[in-house]
Structures are given as C-alpha cells and as structure tokens.
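Enquirer: Kindly generate the corresponding structure for this input.
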Amino acid sequence: MRALDGIRVLDLTRLLPGAYATLLLADLGAEVIKIEDPHGGDGMRSLRSHPDGRHPYFERLNRNKRSVTLDLRIPEAAAVLDALAARADVFVDSFRPSTARRLRVDPEMIRSRHPHLVCASISGFGRSGPYVERAAHDINYQALAGLLRPPALPGPLVGDIGSAMQAAMRIVAALFERTRTGFGSVVDVSIHQAASEWSMFPATQDLASACYNIYETADGQWLALGALESKFWKGFCERIERPELIALQHAPEPERTRVLDEVRAVLRTRTCAEWLQRFGGDDVCLTEIHTPEQAIADPHARATSADAGSSPAPALGADTDAVLEHAGIDAGARTSLRASGVI
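Expert: Down below sits the predicted model:
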C-alpha cells in the first residue's frame, strides 16, 4: 500500500509544473484524473517528436493518470466538474487568477461548494502582487529572480520543477491537516517564488575551483569533480600523482588558477574510461558527464526508475466515460454532453 492510495486528484493543469506535481502524487498512489480540453488537450500533446505522434516528455509526465475531456468554457461543464469534485480529494489548476475565475474554477469558488477539497493553484506569480496577470515561462521567472547569466540561456527549468515539488509537498501537508480538521484548504504556489528561492544559495560559479569543476579527457569526454571536502581532494590529488596540490585546495589567486590549469593538463593525458578505471571505487566524488541519452541508459537510473511497472500516459479522453459514469452521469447524459461539445 502506498501513502496516497484512495486519494483522488482532479488535475486541470497544463504543461510542466502541474503535470510534474500531479505525477509525484500519482507515484505516491493517488488516482489522478487529468481534465483536458476536447480540442487537442494538454499543449504538451502537440509536441511531436516520434512517428507515432507521442512525445517522451508528455509520456513521462502523464503516466499513471486517466484522461477526461471537458470544455470548461461551456457553462454546462460546471455541473460535470461539480460531480467529479464531489468525489475527489484534491483539485489542482494552473490558470492565471482571472482565467480561473472566468472558468469558475477559482479555488475559493470550488471550496465554497466542496469544503472537503484541497485546492492547489500553481501559477506564474501567485494570487497577489502586481505581476499576477503577466504571461511568463520559466526563462522569465529565472530572469526576474536574478538567476540568468547573459548571454547564456538557462539550464534546468528550476522554476517549473521547483514549484511542482513545492505543490506536491504542500498538497500532502494539506491532506494531513484535513485528517485533523475535516476540512480542505487552499494551496497557492508561485513559479516565480520557487525560482527566486534558488538565488538564496550559492551558484556553481561561486564554488568553482580546482576541487569543484569539470575536466576534459584525452578522448574529448568530460569528468565532473566535486571534491569539496579535504579528504576527497586529498584522495584525488594522490590518485593523479600530484600530492603537492593537496595543501593548495583553497589557495587564493594566482595559485588558484595555476592549480586549476595543472589539473586540467593532467586529466587530458588519459581517456575518460582510463581515469574511471584508475580511480575505481575511490571516494573522491568523480563521475563521468552523461549525455541525456547516456543518463537514461545509466544502470543505476534504470534500476531505480519510477517508470518501471507504471501505466502509459492515456490517450486524450480515454477515460471520460468510465470516470463520468462513476460520478453518476449516465450514458444518456453523456451522449447529450458529447453532442453539445461539453465532453
């Protein structure tokens, strides 16, 4: 039995932050019902990179979920959504506040009819402040948070992933609180705020030195060294046969640059495989740098992948009839809703 077995989540989110948040809940055992627009569904479905029209990002983010189509712009959709909400525990959206109100899915509106629900809203700038209605994506949140270093583009989507993890954690906390109070609550997550929190901690550039850097090898491959602790740096220097560098781990300039250049020169004398074999099982925090394809094929990643044993992402609307029937909407009503374009 998993922690969230028996918990039902209505997922009205689009794209990465909401999809990853509800994926984390699904991996904990929750039944996640993905509510999608009948006209194309989640925008990530339109990313085509495989001949079969399915995108690996969408597949990975939406495994272990069910898909129901519902056009929230049609007034008759409200009754269908209410029927689903009455049987759910968590309600998640990723709309801007004004859009949520227009579609009648604002957390306060939903909880006024369903006080047992935990309603989570994942939006760009939260539900208050001067930027709440601004359109933005991860690159914009990172820019405003002071994380970008022009002219380089951002690397990982720290705002999107960070906000998703915050949302999942707060939803679980709110479910725990409900066991004590009997009532749900509102969870408000700002992607901008999640990105801003990364600026509170040192960036890699602030740590960079010979003991914390990346190095090219003789065959054009790369190694990453994270020997911050003195014991790791000592072991590394001994293994590359440069014991005189041990005492210079935190040397100021110009020695700092000289040490870095010397380590670079040493590591270029052997191939990546030769260095890994030379270090063997030594604890010095040295690893090869994977390409994305290599990262997926890595034996540890394969052995611990959450994808194992999971169900694939659903086709658009694949579960509409089954889920609505469970919510008390009979076949005749579903036929009518389908004819009017609601589902």
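Enquirer: Can you tell me, leaving aside adjacent residues, what's nearest to the residue lying farthest from the centre of the chain?
Expert: Most distant residue from the mean C-alpha position of the chain: residue 244, 43.6 Å away (Cα atoms, centre = their mean). Spatial nearest neighbour of residue 244, chain neighbours left out: residue 237 (8.0 Å); criterion: Cβ to Cβ, 6 or more residues apart in numbering. C-beta here means a position set from N, CA and C on the backbone, and glycine is covered the same way.
Enquirer: tell me which element residue 235 is part of?
Expert: helix 230-239 (DSSP states H and E).
Enquirer: Give me the buried stretch members for that helix, please.
Expert: Neighbour counts using 16 or more other Cβ atoms under 10 Å place 232, 233, 234, 235, 236, 237, 239 of helix 230-239 among the buried residues.
Enquirer: Turn those residues into a markdown table, columns for pLDDT and distance to residue 194.
Expert: Formatted as a markdown table, these follow (pLDDT from 0 to 100; distance: Cβ to Cβ, whole Å):
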| residue | pLDDT | distance to residue 194 |
| --- | --- | --- |
| 232 | 96 | 31 |
| 233 | 97 | 33 |
| 234 | 97 | 38 |
| 235 | 96 | 37 |
| 236 | 97 | 35 |
| 237 | 97 | 39 |
| 239 | 95 | 39 |
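Enquirer: Show me what the host helix or strand of residue 59 is in contact with.
Expert: Taking DSSP H and E as the criterion, residue 59 maps to helix 56-61. Helix 56-61 is contacted by residues 16, 19-20, 23, 42, 44-45, 47, 49-50, 307, 312-313 when judged by Cβ atoms under 8 Å, 6 or more residues apart in numbering.
Enquirer: Now find how far off-centre the longest helix anywhere in the chain is within its chain.
Expert: What stands out as the longest helix in the chain, according to DSSP state H, is helix 158-181. Centroid displacement of helix 158-181 relative to its chain, using Cα atoms, centre = their mean, to the nearest Å, is 13 Å.
Enquirer: just the CA coordinates of the very next helix or strand once past that helix, formatted as PDB?
Expert: Following helix 158-181 in sequence order, the next helix or strand is strand 186-190 (DSSP H and E). Coordinates of each C-alpha in strand 186-190 appear next as PDB, following Å, rounded to 0.1, in the frame of the first residue of the first chain:
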ATOM      1  CA  VAL A 186      -6.100  26.400  -0.400                       C
ATOM      2  CA  VAL A 187      -2.500  25.800  -1.600                       C
ATOM      3  CA  ASP A 188      -1.100  28.800  -3.500                       C
ATOM      4  CA  VAL A 189       2.200  28.100  -5.400                       C
ATOM      5  CA  SER A 190       4.100  30.800  -7.400                       C
END
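Enquirer: now the end-to-end length of stretch 35-44.
Expert: Start to finish, the residues bounding stretch 35-44 are 14 Å apart (Cα to Cα, to the nearest Å).
Enquirer: one step back: kindly reformat the buried residues of helix 230-239 as CSV containing distance to residue 215.
Expert: Shown next, in CSV, are the buried residues of helix 230-239 (distance: Cβ to Cβ, whole Å):
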residue, distance to residue 215
232, 15
233, 14
234, 18
235, 16
236, 11
237, 14
239, 13
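Enquirer: Pick the one among those residues closest to residue 223.
Expert: Residue 223 lies nearest to residue 236 out of those, by Cβ to Cβ, at 10.7 Å.
Enquirer: so that closest one sits right up against residue 286, yeah?
Expert: Yes. Counting by Cβ atoms under 8 Å, residue 236 touches residue 286, with 6.8 Å between them.
Enquirer: What mean pLDDT does the helix or strand where residue 111 lies get?
Expert: Secondary structure assigned from DSSP H and E places residue 111 in helix 107-113. Confidence for helix 107-113, expressed as mean pLDDT, is 96.
Enquirer: Pull out the buried residues from it.
Expert: By 16+ other Cβ under 10 Å, the buried positions in helix 107-113 come out as 107, 110, 111.
Enquirer: Might you report the residue contacts of the second one?
Expert: Meaning residue 110. Counting by Cβ under 8 Å, 6+ apart, residue 110 has contacts 85, 91, 117, 119.
Enquirer: With just CA atoms, put stretch 217-232 into PDB.
Expert: What follows is stretch 217-232, C-alpha atoms only, in PDB (Å, rounded to 0.1, in the frame of the first residue of the first chain):
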ATOM      1  CA  THR A 217      39.900  14.000 -21.000                       C
ATOM      2  CA  ALA A 218      42.200  12.800 -23.800                       C
ATOM      3  CA  ASP A 219      39.300  11.400 -25.900                       C
ATOM      4  CA  GLY A 220      37.100  14.600 -25.700                       C
ATOM      5  CA  GLN A 221      34.900  13.200 -22.900                       C
ATOM      6  CA  TRP A 222      34.300  15.000 -19.700                       C
ATOM      7  CA  LEU A 223      34.600  14.300 -16.000                       C
ATOM      8  CA  ALA A 224      32.900  16.200 -13.100                       C
ATOM      9  CA  LEU A 225      34.800  16.600  -9.800                       C
ATOM     10  CA  GLY A 226      33.100  17.600  -6.600                       C
ATOM     11  CA  ALA A 227      35.900  17.100  -4.100                       C
ATOM     12  CA  LEU A 228      34.800  19.900  -1.700                       C
ATOM     13  CA  GLU A 229      35.800  18.100   1.400                       C
ATOM     14  CA  SER A 230      39.500  17.900   2.200                       C
ATOM     15  CA  LYS A 231      39.500  14.100   2.400                       C
ATOM     16  CA  PHE A 232      38.100  13.800  -1.100                       C
END
